[in-house]
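Participant: next one to model:
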Amino acid sequence: MAALKPAIIRGGLESLYFTGAHRLLKPLFGGVGAILTLHHVRPPRPGRFQPNRLLEITPRFLRRVIADLRRAGLDIVSLDEMHRRLVERDFSRRFVCLTFDDGYRDTLQIAYPILKAEGVPFAIYVATSFPDRLGELWWLALEAVIARNKRIGLAIDGRNRTFDCATVGEKRWLYDELYWWLRGRPTESELRDVVRNLAGCYGVDLAAFCRDLCMGWEELAELAADPLVTIGAHTVNHPMLAKLPEKSVRSEIDLSRSVIEAALARRPAHLSFPVGDRSSAGPREFTIAAELGFKTAVTTRPGVLFARHRGRLTALPRISLNGEYQRLRYVRVLLSGAATAMWSPVISNQ
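Facilitator: As a prediction, this is how the structure comes out:
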């Protein structure tokens, strides 16, 4: 089943493209612009077991996307400019924003030189526990536990279970099962406890992912000094906010903004909800972001922007540049709004 979902999505995108339906539907569903979601930009990694490949694209694909956006006559704008156009109803030209979640080091080392050379503005949403070296990239720790072992044991719903994961197929199945089981835990703390225990039992250094992959404050300061770069907030600990009490949600959001301001002398005006799907952020979180004074807040709910989003500035959808679908024709279909209008619940990213 884990491999079936991408195949279904790919088939739908192919059908919309090669039938020309995306062009026919664009006037109805294309909206006024779009926000693109990125995480990693780096060369392909070796190995067949890569359940988090959806979070990374190659430098070559990023260059091709930028060129294609410009050929299509789209303005690539900052979040502040997007906000202005939505508020002032300036829809004379269609626009796109590029946003990077989490603050990975490859954004500085690989993506930034490409974007700088092209004069492309972009935003980085920073979870402040990552540059503080306290963050837990639990989805990567789960991948590492499964990748390094042929069998693992885990207590699930009060029962001790053993899982074989010697083959690539078994590893893919197990990652999918455990990932969504973890996502279904009633509290964020329960999810984190399970992953900490797994990592400890199987010799996976959970802290190393944050240390090795995420930028520190000096690296973020280097980027923040460039007018092309907008630094946004992404909470402190990267939790699924919908699982937290309201007081904790406010603290996660507001404290992250204060920490960024203290470290970078930039007070973030824009926010990204961690994970960002319907199970992670909803009306309560959207309202809190507005009450805290953010200009915009973005989700990972798939979709393009419409004029009506002027009244929903803290609940904006995005289009994922997903590592499973690195074809320009797929990006064109997604930016047409045709795919997300018809089957948006199926397309998601972490």
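Participant: where are the low-confidence patches of this structure?
Facilitator: Scanning the chain for pLDDT under 70 picks out the ranges 1-4, 343-350.
Participant: if we use 50, what do you get?
Facilitator: Within the chain, the segments meeting pLDDT under 50 span 1-2, 345-350.
Participant: all strands for it, in order.
Facilitator: 33-38, 40-41, 56-57, 75-76, 95-102, 122-126, 151-156, 159-164, 229-233, 270-272, 296-302, 316-320 (DSSP state E).
Participant: need those strands in TSV with distance to Val194 and mean neighbour count, can you?
Facilitator: Yep, even glycine has a C-beta here, placed from its N, CA and C like the rest. What follows is the strands of the chain, written out as TSV (distance: least, CB to CB, whole Å; neighbours: other CB atoms under 10 Å):
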stretch	distance to Val194	mean neighbour count
strand 33-38	27	24
strand 40-41	25	24
strand 56-57	25	24
strand 75-76	41	18
strand 95-102	21	25
strand 122-126	26	27
strand 151-156	8	14
strand 159-164	12	11
strand 229-233	27	25
strand 270-272	25	28
strand 296-302	23	24
strand 316-320	26	23
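Participant: distance to Gly135 for these - can I get that in TSV?
Facilitator: Below are the strands of the chain laid out as TSV (distance: least, CB to CB, whole Å):
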stretch	distance to Gly135
strand 33-38	19
strand 40-41	15
strand 56-57	18
strand 75-76	29
strand 95-102	9
strand 122-126	10
strand 151-156	23
strand 159-164	27
strand 229-233	14
strand 270-272	15
strand 296-302	19
strand 316-320	21
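Participant: between the ones you listed, which one is nearest to Lys243?
Facilitator: Proximity to Lys243, assessed across the strands of the chain by CB to CB, is greatest for strand 296-302 (15.6 Å).
Participant: ok, back up a step: nearest to Ala199, out of the strands of the chain?
Facilitator: Comparing those by CB to CB, strand 151-156 comes nearest, at 11.2 Å.
Participant: show me how this protein divides into domains.
Facilitator: Domain segmentation of the chain under automatic domain parsing yields 4-135+214-346, 138-207.
Participant: looking at the ones you listed, which is buried most?
Facilitator: Burial of the domains of the chain is given as mean neighbour count (mean count of other CB atoms under 10 Å); domain 4-135+214-346 ranks first at a mean of 19.
Participant: which helix runs longest in the protein?
Facilitator: Ranked by number of residues, the top helix in the chain under DSSP state H is helix 246-264.
Participant: so that one versus strand 122-126, what angle?
Facilitator: 120 degrees (axes from the mean of the first three to the mean of the last three CA atoms, to 10 degrees).
Participant: can I get helix 246-264 in PDB, CA atoms only?
Facilitator: What follows is helix 246-264, C-alpha atoms only, in PDB (Å, rounded to 0.1, in the frame of the first residue of the first chain):
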ATOM      1  CA  GLU A 246      -4.200  26.000  23.700                       C
ATOM      2  CA  LYS A 247      -1.800  27.600  26.100                       C
ATOM      3  CA  SER A 248       1.000  25.400  24.700                       C
ATOM      4  CA  VAL A 249       0.100  26.300  21.200                       C
ATOM      5  CA  ARG A 250       0.400  30.000  21.900                       C
ATOM      6  CA  SER A 251       3.700  29.400  23.700                       C
ATOM      7  CA  GLU A 252       5.200  27.400  20.900                       C
ATOM      8  CA  ILE A 253       4.300  30.000  18.300                       C
ATOM      9  CA  ASP A 254       5.000  33.200  20.200                       C
ATOM     10  CA  LEU A 255       8.200  31.900  21.900                       C
ATOM     11  CA  SER A 256       9.600  30.800  18.500                       C
ATOM     12  CA  ARG A 257       9.100  34.300  17.200                       C
ATOM     13  CA  SER A 258      10.800  35.900  20.200                       C
ATOM     14  CA  VAL A 259      13.800  33.500  20.000                       C
ATOM     15  CA  ILE A 260      14.300  34.200  16.300                       C
ATOM     16  CA  GLU A 261      14.100  38.000  17.000                       C
ATOM     17  CA  ALA A 262      16.700  37.700  19.700                       C
ATOM     18  CA  ALA A 263      19.100  35.600  17.600                       C
ATOM     19  CA  LEU A 264      18.700  37.300  14.200                       C
END
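Participant: which strands and helices sit next to that helix?
Facilitator: The contact analysis (3 or more CB pairs under 8 Å, 6 or more residues apart in numbering; DSSP states H and E) places helix 246-264 against helix 217-224, strand 229-233, helix 283-291.
Participant: how about CSV for the ones you listed, with distance to Leu134 added?
Facilitator: CSV is the format used below for the helices and strands packed on helix 246-264 (distance: least, CB to CB, whole Å):
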stretch, distance to Leu134
helix 217-224, 13
strand 229-233, 16
helix 283-291, 22
